[in-house]
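**Q** okay, predicted coordinates and the sequence, questions at the end:
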Amino acid sequence: MSDSIQKDIAFNSLKASIDSYSPLSPETWHALQKLCKWVKVTNNEIIYKSGDIPETFAYVYTGIVRAYICDEEGNEYNKRFFSEGSFPGAMVALLLSQPSTFTIEALEDSQVILINHNGYRTLLNNSLDLQRYHIQYLEKNWLIKQEQREVSLIQEPATQRYQRFLVESPNFEKRIPLFHIASHLGITPTQLSRIRKKLNTTG
């Protein structure tokens, strides 16, 4: 399949994803497309680097990426995984025009659409249909899900967190290395191995 065809399909996917929350007018969609750039990234390629001031956020058409923080000793902590149909980005850094505190890296060969943030904000301020989409997306994917994850990390035991992860992201376990999943759940790879062994035995 040619790059041109892949690009067109990727943009159709972006449009469908947005419309699933709230549809855009043809005029708004045309203006948004001008702010976008379709790119291919390879496995382990950095999309946004910690310490850099980002200019874009992304839409994942194919593949999966992770957002992670690295401490002073070089230990990595996975904040979140993003697969098809999601929008990874260093949003606080974008809003404040400051260096990102975390890195976003591809975990598979992926196709993503980079969206210019300043242009998006300008379009957002002038487009009621884009505002409706923006509000619904933020409420579902950042406010509700983020609060649920924070409560889970504090209140749920490790086994329950892992089971919740499998239910909410059923395809991730086959696509993401287990040590990354362990980091995301706030446990060690050894702990995760024991949990999986116990569940497989009892299940």
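**A** Good, I have the coordinates.
**Q** what lies in contact with stretch 187-203?
**A** 158-159, 161-163, 178-179, 181-182, 185 (CB atoms under 8 Å, 6 or more residues apart in numbering). In this view, the C-beta of every residue, glycine as well, is placed from N, C-alpha and C.
**Q** per-residue confidence averaged over that stretch?
**A** Average pLDDT, stretch 187-203: 87.
**Q** list the buried ones in that stretch?
**A** The neighbour-count check on stretch 187-203 (16 or more other CB atoms under 10 Å) flags 187, 192, 195-196 as buried.
**Q** tell me the two of the contacts of stretch 187-203 that are most distant?
**A** For the contacts of stretch 187-203, the farthest-apart pair by CB to CB is 163 and 179; their separation is 18.7 Å.
**Q** quick one: terminal-to-terminal distance for stretch 83-99?
**A** The first residue of stretch 83-99 is 24 Å away from its last residue (CA to CA, to the nearest Å).
**Q** just the contacts of stretch 187-203: which are in helices?
**A** Those of those mapping onto helices are 158-159, 161-163, 178-179, 181-182, 185, per DSSP state H.
**Q** Serialize the residues you listed to CSV and add fields for neighbour count and distance to residue 63.
**A** Shown next, in CSV, are the ones in helices among the contacts of stretch 187-203 (neighbours: other CB atoms under 10 Å; distance: CB to CB, whole Å):
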residue, neighbour count, distance to residue 63
158, 17, 28
159, 17, 29
161, 19, 25
162, 22, 23
163, 14, 25
178, 12, 19
179, 15, 19
181, 21, 17
182, 20, 21
185, 21, 22
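**Q** just these now: which is nearest residue 32?
**A** Out of the ones in helices among the contacts of stretch 187-203, the member with the shortest distance to residue 32 (by CB to CB) is residue 181, at 33.6 Å.
**Q** need the contact list for the closest one.
**A** Shown in contact with residue 181 (CB under 8 Å, 6+ apart): 78, 162, 165, 172-173, 192.
**Q** for these, which one is nearest residue 105?
**A** Nearest to residue 105 among those: residue 78, at 9.9 Å, using CB to CB.
**Q** against residue 87, how distant is residue 176?
**A** 19 Å (CB to CB, to the nearest Å).
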